[in-house]
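> build me a structure from this.
(chains A and B)
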Amino acid sequence: MKMNKRKAILLAISAIVFIVVIWSLFPLLYLFLISFAGYGALPASLELPKRLTLNNWKEVLFTQDTLWPYMLNSIIVASTTVAITLSITIPAGYSFSRYKSKITNAIFSSFLIFRMMPWIAFSIPIFFMMNKYNLLGTRIGLSLSHLIYTVPFAIWLMKGYFDMVDTQIEEAAIVDGAGRLYILWKITVPLAAPGIAVTVMFSFLFSYIELLYAVLLTRRPTFTLPVRMSAYMATHEIHWRSIACASIISLIPMIVLFAFLQKHFARGITMGAIK
Amino acid sequence: MKDMSGHSYIFYFMLIPVLIVMALFFIYPLFRVFYLSFFSYNPIFGKKYVGLQQYYEVLTDKVFISTVIRNLVYVVAVVIANLIIGMCYALLTYKAARGIKILRVILILPIFFIPAVTAVTWSLLYNEQIGLINHLLEFIGLSRRTWLASARTAFPAVIITDIWGWTPFVYLILLAGIQNLPVEPLEAAEIDGASAFQRFKYVILPMMKPIIAIAVIIKSMDAFRTFVFMWIMTGGGPGDSTHVLSTLIYDRAFNHFKFGLGSTMSVITFFVALILSYILLTVFKER
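Sure, this is the predicted structure:
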């Protein structure tokens, strides 16, 4: 009797696992099959296409309208965003963590409010601002606009992490006559490395995947990957095979970054938040 | 904690760069959009003060009102689905066992897709002639549908895409939350012979409440300002039948060049978001 119940539970769990795995993977599988499909009809279901070819991949990777410039733009924009975000939110997060007054508390809470604002609401003034300072169509302009996405989140996370760093070593260093900035750079930042890794991951992610400001602020030479992908849909003749290849390629930077930082990933999301 | 030397100015000094960014990219746009909302403004006719006229126009505009409602429905549907599915994923994979690590990576996988890519991919799946979903429907004997071209099916179709794409985010938050729970109460419940469901209801769920609150608040805000999926998959169409606030404002401001009207919509959206955040924060604080 007991064995039967056990078996039934095991069977049920296997069935659930099977379903969720299929649910998670079938779009990728489908893309993968289509990316190798030759002329004629696309594969009717999750089956190998009748005519296999590598031409779709060649087209996306090595012809005139290759994906690389867009990808390069995306990576440059995201890296710049990460660099600016880190360089301004590390001191700010540290300050919010170590020094509390009515003024600084109010500033910190106001960042939480800004995190909740619909970004579209800022798009019109940002557009005019970028236009005025000739930043329309530049990568740096897009990076600056992405600070709206990254800064509130990064400050939130950084403060949470600095709160967890033991202050005893810092106090000892102050007695020895070290300055605050020196302490921050030499002692606290290395101790908060996991927090910084998570901040890098999310700042990069937010900037790399962002479409709204990218559509608004870039022009042909500076189009990012999400803009290019959305343009695939806008054309009258949709090249599904190219889309399939491009979709798969676009995953690579995210997977590489995730592999680098994954040790800190899941733990870090909640850390800043719980504080 | 004050600096040993008694000076706090260094801490204010550290805030300067962030304050500059805040002034340029948050406060200035906020005031600017508020200011523009009182003007009729387009590139050809220029700027003209119209007072509250655009507020009247927007608030009596059926398209705008139904978009606000649709946007809220979207938030509720996506958040509830994300929470339930994310929780199932987390319960399925929180114990470290053989194969679980691979399963975790598989479940996280959709988050690696750039949302624009997710949207394009799902447009392909929903495609009338070649899409996988129609092939499967035909296979089990149902008829094909024009999923994204019909007002009735396009909206739920996009919601399903959002659920697929962003459940892993909620899942990661919940997974991290379960793993950070103290183990003693769970073990005690297991020794006392509580069933898996009882353990979940009486032990895991109460302890998870703060982390669930965080997941719901973050996800609600993200769902509220959704743009990409709707923009790529339907563009707000057919007609204006599937707009969410972000796509509607974008469409009116940058496709119709009504910057003033777009600003007015932005200001109202801003207040809807404020009310929503207030409700969420009070609901979850009381618990």
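> quick check, pLDDT for the residue in the stretch 51-200 of chain B positioned nearest to chain A.
Closest residue of the stretch 51-200 of chain B to chain A, C-beta to the nearest C-beta: B:Ala116 (3.8 Å). Quick note: C-beta positions are derived from backbone N, CA and C, even for glycine. pLDDT recorded at B:Ala116 is 85.
> hang on, it packs against A:Met229?
Yes. The pair B:Ala116 / A:Met229 is scored as a contact, 4.2 Å apart, by C-beta atoms under 8 Å.
> joint contacts of the two?
Jointly contacting B:Ala116 and A:Met229 under the rule C-beta atoms under 8 Å, 6 or more residues apart in numbering or on different chains are B:Ile232.
> for the stretch 101-250 of chain B, just list every one of the helices.
Secondary structure of the stretch 101-250 of chain B (DSSP state H, counting those that start in this stretch): helices located at B:115-126, B:132-139, B:151-179, B:184-191, B:196-199, B:205-224, B:228-233, B:245-250.
> dump the ones you listed to JSON lines, plus mean neighbour count.
What follows is the helices of the stretch 101-250 of chain B, written out as JSON lines (neighbours: other C-beta atoms under 10 Å in any protein chain shown):
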{"stretch": "helix B:115-126", "mean neighbour count": "25"}
{"stretch": "helix B:132-139", "mean neighbour count": "17"}
{"stretch": "helix B:151-179", "mean neighbour count": "21"}
{"stretch": "helix B:184-191", "mean neighbour count": "12"}
{"stretch": "helix B:196-199", "mean neighbour count": "12"}
{"stretch": "helix B:205-224", "mean neighbour count": "18"}
{"stretch": "helix B:228-233", "mean neighbour count": "26"}
{"stretch": "helix B:245-250", "mean neighbour count": "26"}
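> between the ones you listed, which one is nearest to A:Ser247?
Of all the helices of the stretch 101-250 of chain B, helix B:115-126 sits nearest to A:Ser247, with 4.7 Å by C-beta to C-beta.
> hmm, who's touching the closest one?
Contacts for helix B:115-126 (C-beta under 8 Å, 6+ apart): A:27, A:30-31, A:34, A:209, A:211, A:225-227, A:229-230, A:232-233, A:240, A:243-244, A:246-247, A:250-251, B:110, B:113, B:130-134, B:147-148, B:157, B:160-161, B:164-165, B:228-229, B:231-233.
> list the contacts of the residue of the stretch 151-275 of chain A found nearest chain B.
With C-beta to the nearest C-beta as the measure, A:Pro226 is the residue of the stretch 151-275 of chain A nearest to chain B, at 3.8 Å. The contact partners of A:Pro226, by C-beta under 8 Å, 6+ apart, come to A:Ser74, A:Ile209, A:Glu210, A:Leu211, A:Ala214, B:Ile114, B:Pro115, B:Ala116, B:Val117, B:Val228.
> need the strands for the stretch 1-150 of chain B, in chain order.
B:39-42, B:46-49 (DSSP state E, counting those that start in this stretch).
> what about the closest residue to B:Val18 other than its chain neighbours, neighbour count?
Leaving out its chain neighbours, the residue that sits closest to B:Val18 by C-beta to C-beta, 6 or more residues apart in numbering or on different chains is A:Ala92, at 4.0 Å. By other C-beta atoms under 10 Å in any protein chain shown, the residues close to A:Ala92 number 27.
> again, but for A:Glu59
The number of residues packed near A:Glu59 is 18, by other C-beta under 10 Å.
> and for the residue of the stretch 51-200 of chain B closest to chain A, nearest residue in space, chain neighbours not counted?
Per C-beta to C-beta, 6+ apart, closest to B:Ala116 is A:Pro226, 3.8 Å.
> now swap in B:Phe257 and tell me
Per C-beta to C-beta, 6+ apart, closest to B:Phe257 is B:Asn42, 4.6 Å.
> what of A:Thr89?
A:Ala154 (4.1 Å).
> quick one: the host helix or strand of the one you found to helix B:205-224, angle?
Using DSSP states H and E, A:Ala154 falls within helix A:139-164. Calculated by axes from the mean of the first three to the mean of the last three C-alpha atoms, to 10 degrees, helix A:139-164 forms an angle of 160 degrees with helix B:205-224.
> now helix A:139-164: average pLDDT?
Here the average pLDDT along helix A:139-164 is 86.
> what residues of it count as buried?
A:139, A:141-163 (16 or more other C-beta atoms under 10 Å in any protein chain shown).
> helices and strands around it, which ones?
Packing partners of helix A:139-164 (3 or more C-beta pairs under 8 Å, 6 or more residues apart in numbering or on different chains; DSSP states H and E): helix A:68-98, helix A:102-116, helix A:120-132, helix A:193-209, helix A:212-217, helix A:240-274, helix B:9-22.
> hmm, 6 Å instead?
helix A:68-98, helix A:102-116, helix A:193-209, helix A:212-217, helix A:240-274 (3 or more C-beta pairs under 6 Å, 6 or more residues apart in numbering or on different chains; DSSP states H and E).
> can you add mean pLDDT and give these back as CSV?
CSV is the format used below for these (pLDDT from 0 to 100):
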stretch, mean pLDDT
helix A:68-98, 91
helix A:102-116, 79
helix A:193-209, 84
helix A:212-217, 88
helix A:240-274, 73
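> before we move on, the earlier item: the residue of the stretch 151-275 of chain A closest to chain B is in what secondary structure piece?
Counting by DSSP H and E, A:Pro226 is part of helix A:225-234.
> name the residues of that helix that are buried.
A:Leu225, A:Pro226, A:Val227, A:Arg228, A:Met229, A:Ser230, A:Ala231, A:Tyr232, A:Met233.
> extract the CA atoms of stretch A:158-173 and return them as CSV.
Extracted in CSV, the C-alpha atoms of stretch A:158-173 (Å, rounded to 0.1, in the frame of the first residue of the first chain):
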residue,chain,number,x,y,z
MET,A,158,24.8,48.4,-2.5
LYS,A,159,23.5,49.8,0.7
GLY,A,160,22.2,46.4,1.7
TYR,A,161,25.6,44.9,1.1
PHE,A,162,27.5,47.6,2.9
ASP,A,163,25.2,47.2,5.9
MET,A,164,26.3,43.6,6.2
VAL,A,165,30.1,44.4,6.1
ASP,A,166,31.5,44.5,9.6
THR,A,167,32.5,48.0,10.7
GLN,A,168,35.1,47.0,13.2
ILE,A,169,38.0,46.9,10.7
GLU,A,170,36.9,50.3,9.4
GLU,A,171,36.9,51.8,12.9
ALA,A,172,40.4,50.5,13.5
ALA,A,173,41.6,52.0,10.3
